[in-house]
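> pasted the sequence and its predicted model underneath.
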Amino acid sequence: MNMNRRQWIGGMLALGSAALLPLRALADAKTAFKATSADTALQELFGDLPMEPSDAITFKVPDIAENGAVVPVSVATDIEGVQSIAIVVDENPNPLSARFNISPDVAADVSTRVKMGKSSTVRALVKTSDKVYFTTKEVKVTIGGCGG
Amino acid sequence: MAAEVKIRGRLSNGVADIKSLMPHPMETGTQRDPQGNLIPAHYIEKVVCFRNDQEVLSADWGASVSKDPYFAFQVKNCSPGDVIRITWVDNKGESSSGELVLK
């Protein structure tokens, strides 16, 4: 009887933590997207992981974006063990634009288009299990993408 | 019912080069309509890509991804006949998807 009860409690605990994990991950992403400064967004996304500039990231964004509503962004890297790639536009009201969760079945190479309210530093961040690598670019916007 | 995800892809040496378009307003919540009323935020929050029902890639987005999002990526270890499926869910709980059979 005692044994059974222990097993049951153990089982419930395991179930509970299994159910909580994905919820926590989702909550982290949501708060990071709501952050109003790039530093807060990075803190929410990566916590205390060490960050390091890297030449191994190919980051394609235009130097001058004629239309801030549609700025093509492409991030690719040869770094091993990539878990996720994030794109941050420092001057946007919510700087974090996108996070891509990379599995071993996809290349660490993603492209999309983002809005930019005004000229800004744009960062590409590549997360591995123990470090975050990044590179930045300055993009000049001639017509803002937020109704401006 | 939201518009279907449009997917194009080319398979070479086992790598599928996928390009997709998701018709969606991607409203940030800070724009106003011609009458001066705020247009509520309406944007895709989560995108998931599957190969034959196995999840291979997911993305979390904010409202600053451009209207009618474009998303390109590469899936490894693919063969002809594999099905690539992309689904999204937005902040209002609406969703859509699209499929492509690799040749």
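Arrived safely, thanks for sending.

> which residues touch the residue lying farthest from the centre of chain B?
Most distant residue from the mean C-alpha position of chain B: residue B:35, 31.1 Å away (Cα atoms, centre = their mean). Contacts of residue B:35 were listed using Cβ atoms under 8 Å, 6 or more residues apart in numbering or on different chains, and none were found. Heads up, the C-betas are built off the backbone N, CA and C, glycines and all.

> kindly report the same for the one 3 residues further on.
With contacts defined as Cβ under 8 Å, 6+ apart, the neighbours of residue B:38 are B:29, B:30, B:31, B:32.

> residue A:93 is in contact with the second one, correct?
The one in question is residue B:30. Yes - counting by Cβ atoms under 8 Å, residue A:93 is a contact partner of residue B:30 at 6.8 Å.

> how about the residues of chain B near chain A?
Contacts of chain B with chain A, taken as Cβ under 8 Å from any Cβ of the partner chain, map to B:15, B:26, B:28, B:30-32, B:49, B:51, B:54-67, B:69-77.

> ok, residue B:16 touching residue B:80?
No - contact criterion Cβ under 8 Å: residue B:16 and residue B:80 do not qualify, at 10.0 Å.

> so which strand or helix has the residue farthest from the centre of chain B?
Using DSSP states H and E, residue B:35 sits within no helix or strand.

> the helix or strand of chain A with the lowest mean pLDDT: what's the following helix or strand?
Sorting the helices and strands of chain A by mean pLDDT, DSSP states H and E puts helix A:2-34 at the bottom, at a mean of 63. Following helix A:2-34 in sequence order, the next helix or strand is helix A:38-46 (DSSP H and E).

> can you give the contact residues for that following helix?
Helix A:38-46 is touched from outside by A:28, A:31-33, A:35, A:51, A:86, A:88, A:90, A:94-96, A:99, A:121, A:123, A:125, A:127, A:132, with contacts defined as Cβ under 8 Å, 6+ apart.

> can you tell me the number of residues neighbouring residue 47?
This is for chain A. If you count neighbours by other Cβ atoms under 10 Å in any protein chain shown, residue A:47 ends up with 9.

> um, chain B though
Residue B:47: 24 surrounding residues under other Cβ under 10 Å.

> residues contacting it?
B:22, B:58, B:59, B:61, B:71, B:86, B:87, B:88.

> for it, give its distance to residue A:42.
Computed as Cβ to Cβ, to the nearest Å, the residue B:47 to residue A:42 distance reads 22 Å.
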